[in-house]
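Chemist: The sequence isn't on hand, but the structure is:
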């Protein structure tokens, strides 16, 4: 998930979709990226479960799945708590 969101364009797409569902044409307009590039990023985000596609007339809208982001955020928060709690627990070298 972190690697997926590390890409600046994918992060921008996720931020745009956080504002509400959008179709590819909206994302092309908002990002300035080419349509095939946007479609490729949306496929990766969909495959990872971060977005879902929903047909609406002749267009397909993409919607962010907040639970997927919450799960990733929770995992990162858990690691941060563990790191904080164990920051002085050095392992001895053999």
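Modeler: That came through, no problem. Owing to the predicted nature of the structure, the values given are computational and were not obtained by experimental measurement. Numbering: from 1, shown residues only.
Chemist: From now on I want contacts and neighbour counts done on CA atoms only, so please keep to that.
Modeler: Noted.
Chemist: Distance of residue 16 relative to residue 48?
Modeler: Residue 16 sits at a distance of 17 Å from residue 48 (criterion: CA to CA, to the nearest Å).
Chemist: Compare these two (neighbour count), which wins?
Modeler: In this comparison of residue 16 against residue 48, neighbours counted by other CA atoms under 10 Å, the higher total goes to residue 16 at 18 against 13.
Chemist: mind listing what the more buried one touches?
Modeler: Residues counted as contacts of residue 16 (CA atoms under 8 Å, 6 or more residues apart in numbering) are residue 27.
Chemist: State the distance from it to residue 84.
Modeler: 32 Å.
Chemist: now the helices for this protein?
Modeler: 2-6, 8-18, 24-31, 35-47, 66-85 (DSSP state H).
Chemist: Make JSON lines out of those helices and add mean pLDDT.
Modeler: Rendered in JSON lines, the data for these read as follows (pLDDT from 0 to 100):
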{"stretch": "helix 2-6", "mean pLDDT": "87"}
{"stretch": "helix 8-18", "mean pLDDT": "96"}
{"stretch": "helix 24-31", "mean pLDDT": "96"}
{"stretch": "helix 35-47", "mean pLDDT": "97"}
{"stretch": "helix 66-85", "mean pLDDT": "92"}
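Chemist: To residue 60, which of those lies closest?
Modeler: Within the helices of the chain, the stretch nearest residue 60 is helix 24-31; the backing value is 7.6 Å (CA to CA).
Chemist: Name the residues of the closest one that come out as buried.
Modeler: For helix 24-31, a neighbour-count test (16 or more other CA atoms under 10 Å) marks 24, 27-28 as buried.
Chemist: angle of it against helix 8-18?
Modeler: Helix 24-31 and helix 8-18 meet at an angle of 120 degrees, taking axes from the mean of the first three to the mean of the last three CA atoms, to 10 degrees as the criterion.
Chemist: from the chain's centre, how far out does helix 24-31 sit?
Modeler: Averaging C-alpha positions (CA atoms, centre = their mean, to the nearest Å) puts helix 24-31 17 Å from its chain's average.
Chemist: And for stretch 40-48?
Modeler: The gap between where stretch 40-48 is centred and where its chain is centred comes out at 9 Å by CA atoms, centre = their mean.
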